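**Student:** Requesting a structural model of the entry that follows:
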Amino acid sequence: MSAKEAKSRIKINKLLENSGWRFFDSQEGLANISLEPNVKLTQTQVDAWGNDFETSSSGFIDFLLLDGNGFPFLVLENYEPHIAVDPTWAIKTLGDACKAILTGRFGTALHESDYVADGIPVINPKNIVDGQILREGAKAVSLETRDRLQEFTVRQNDIVIGRRGEMGRCAVVTAEMNGWLHISAHRGRRFRLNVDAISA
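**Tutor:** Next comes the predicted model:
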């Protein structure tokens, strides 16, 4: 964890505690913050870490806030966008912005024997780099295999994202990528945009 990210998490911790949220059981009540993977902290752990959260090797990915009954209430993600967000941009819900939210096919739908030297590229999370889909290094399948998995082909302006590994990895499908396959071992997501709604 970088020093910048560690400082950000410390700030979030203090804001949560000042607002009455608790990382561990106390006289005020039971812990109502859970950290991935659902492990409650102890006072000893917090004291041991001090301000050096960058030395922690696990946890601190998501803050899961719990309601009075101990049920999940809100997920707080410590994430900084990779692009500058213009405050004048309109806010749209996914329901307004997307025609469909699709799940990528499991990687087991393809076997090593399905890949060919020159064919239809297959998009995997590793092919999404710095907001772009890279053709170089992508595996390929025959036209027949692509047609068998037609529902997992991408279209121009689709947004593909990875759900595991490096969070925030995403890219927009360009015109020359129409018909490529989106296959992910962890069911990556694909957003089919409603361009008219976004531009309105």
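
**Student:** Run through the strands of the protein in chain order.
**Tutor:** For the chain, strands defined by DSSP state E occupy the ranges 33-35, 62-66, 72-77, 98-103, 105-106, 115-116, 120-123, 128-129, 132-133, 140-141, 159-161, 170-172, 181-184, 189-193.

**Student:** closest to W89 out of those strands?
**Tutor:** Distance to W89, taken as Cβ to Cβ, is lowest for strand 189-193 among the strands of the chain, at 14.9 Å. Every residue, glycine included, has its C-beta placed from N, CA and C.

**Student:** can you give me the angle that closest one makes with strand 98-103?
**Tutor:** Here strand 189-193 runs at an angle of 170 degrees relative to strand 98-103 (axes from the mean of the first three to the mean of the last three Cα atoms, to 10 degrees).

**Student:** what does strand 189-193 rub up against?
**Tutor:** The list of residues contacting strand 189-193 from outside it, by Cβ atoms under 8 Å, 6 or more residues apart in numbering, reads 94, 97-104, 154-155, 157-161, 163, 182.

**Student:** Can I have the buried ones of those residues as a PyMOL selection?
**Tutor:** Of the contacts of strand 189-193, the buried ones go into a single PyMOL selection, burial set by 16 or more other Cβ atoms under 10 Å:
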select buried, resi 97+98+102+104+154+157+158+159+160+161+182
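
**Student:** that older thread, in a markdown table: the strands of the chain, plus distance to N18 and mean pLDDT.
**Tutor:** Compiled in a markdown table, the strands of the chain are given as follows (distance: least, Cβ to Cβ, whole Å; pLDDT from 0 to 100):
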| stretch | distance to N18 | mean pLDDT |
| --- | --- | --- |
| strand 33-35 | 13 | 77 |
| strand 62-66 | 14 | 76 |
| strand 72-77 | 14 | 72 |
| strand 98-103 | 36 | 79 |
| strand 105-106 | 44 | 56 |
| strand 115-116 | 54 | 94 |
| strand 120-123 | 44 | 92 |
| strand 128-129 | 38 | 88 |
| strand 132-133 | 41 | 92 |
| strand 140-141 | 54 | 94 |
| strand 159-161 | 33 | 86 |
| strand 170-172 | 33 | 89 |
| strand 181-184 | 40 | 80 |
| strand 189-193 | 35 | 72 |
